[in-house]
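[1] Model the structure of this input:
(one chain, ligands or ions: 2)
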Amino acid sequence: MIILLFGPPGSGKGTQAELIKKECNINHISTGDIIREEVKKNTPLSKIIKTEIKNGKLINDKIIVDLIEKYIITNKKILLDGFPRTLEQAEFLSQKNFNIEYIINIKTEKQIIFKRIKYRILKNNKNYNILYNKPKIKNKDNITGEYLIKRPDDLFNIIDKRLKDYYNNLDKILNLYKNKIKIIEINGENNINKIFEEIKINIRKII
Ligand code: AP5
Ligand code: MG
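    Numbering: from 1, shown residues only. Ligands and ions are numbered 1, 2, ... in the order given. Model prediction:
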């Protein structure tokens, strides 16, 4: 069973997924996290991917599908964050007959996104925020104590590009799912806990 987690960059997909994971027995699969782990391997493929991410470009559909396919097959309940991002990726899920239960669509306006991303710091894909979600000790991960850093694709002009790509693809993907899969719209402009409360009400009906 798959739940798709949609939302523009900075809408809080990763943040909410962490909370959902603690609440329900579900596997969080983030294509962004998988790609960032792949980059660390320092292979010819990782060098290509690294440049694409840094420039805010979507990774080629074939590459991304090859990378994530094994995660989808081996897990049972999946919260899929950041996939599908193109019509081709959505068609891949359809062809494989994966059982998509619901889409959670976190909607957030551009100005709020810019502010959140400007102040995002992270380590090992764990997100914090200098303004809204501070670590207990300044610039350090709450658990490991490692130094928190900026993401290389969190620059103003790159975020703009990522947002444009997101919205260019979104309607095509939603059109494919319209009348087939229930789409739960969530107001992503509230604080983290309020958004989670809203998601929880819906997710309890599913899992
Ligand atoms: P990915 O890592 O998926 O990035 P994204 O979709 O752009 O989303 P983000 O991770 O930036 O934001 P988020 O919604 O998770 O927000 P977060 O919880 O961190 O993808 C990165 C790149 O990988 C892509 O650009 C592409 O190159 C490639 N890629 C990935 N998937 C791909 C695919 N399927 N096909 C092709 N290429 C792919 O929150 C953001 C900040 O705000 C944090 O600081 C957080 O603490 C804070 N915050 C969160 N919620 C709130 C709130 N309610 N109020 C205040 N602050 C909040
Ligand atoms: Mg994320």
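
[2] So which bits of stretch 138-147 are buried?
    Within stretch 138-147, the residues that count as buried by 16 or more other C-beta atoms under 10 Å are 140, 141. All C-beta atoms are positioned from the backbone trio N, CA, C, and that covers glycine.

[3] Straight-line length of it, end to end?
    Its start and end residues considered, stretch 138-147 measures 9 Å (C-alpha to C-alpha, to the nearest Å).

[4] Number the chain from 50, please
    Fine by me, first position is 50 from now on; the one you just mentioned is stretch 187-196.

[5] Would you mind pulling the contact partners of that stretch?
    Outside stretch 187-196, the residues that touch it by C-beta atoms under 8 Å, 6 or more residues apart in numbering are 170, 172, 173, 175, 177, 184, 185, 186, 197.

[6] Show me what the mean pLDDT comes to for that stretch.
    Across stretch 187-196, pLDDT averages out at 97.

[7] Could you tell me how far it lies from the centre of the chain?
    Mean C-alpha position of stretch 187-196 versus that of the full chain (C-alpha atoms, centre = their mean, to the nearest Å) differs by 22 Å.

[8] For the closest residue to ligand 1 within the chain, which three-state class applies?
    Residue nearest to ligand 1 within the chain: residue 81 (1.9 Å; C-beta to the nearest ligand atom). Following DSSP: H, G, I helix; E, B strand; the rest coil, residue 81 is assigned to helix.

[9] Next one: it from residue 67, what distance?
    Residue 81 is 13 Å from residue 67, where distance means C-beta to C-beta, to the nearest Å.

[10] And these two? Which one has more around it.
    residue 81 (19 against 16; other C-beta atoms under 10 Å).

[11] In contact with the more buried one, which residues are there?
    Neighbours of residue 81 in contact, by C-beta under 8 Å, 6+ apart: 63, 130, 131, 174.

[12] Just the buried ones from the residues you listed?
    Applying 16+ other C-beta under 10 Å to the contacts of residue 81 flags 63, 130, 131 as buried.

[13] And for the closest residue to residue 222 other than its chain neighbours, the neighbour number?
    Nearest residue to residue 222 in three dimensions, chain neighbours excluded: residue 139, at 5.0 Å (C-beta to C-beta, 6 or more residues apart in numbering). Close neighbours of residue 139, defined as other C-beta under 10 Å, add up to 21.

[14] who's in contact with the helix or strand residue 122 falls within?
    Taking DSSP states H and E as the criterion, residue 122 maps to helix 110-123. For helix 110-123, the external contacting residues (C-beta under 8 Å, 6+ apart) are 51, 78, 80, 83-84, 87, 94, 97-98, 107, 127, 129, 132, 134-135, 137-138, 141, 145, 147.
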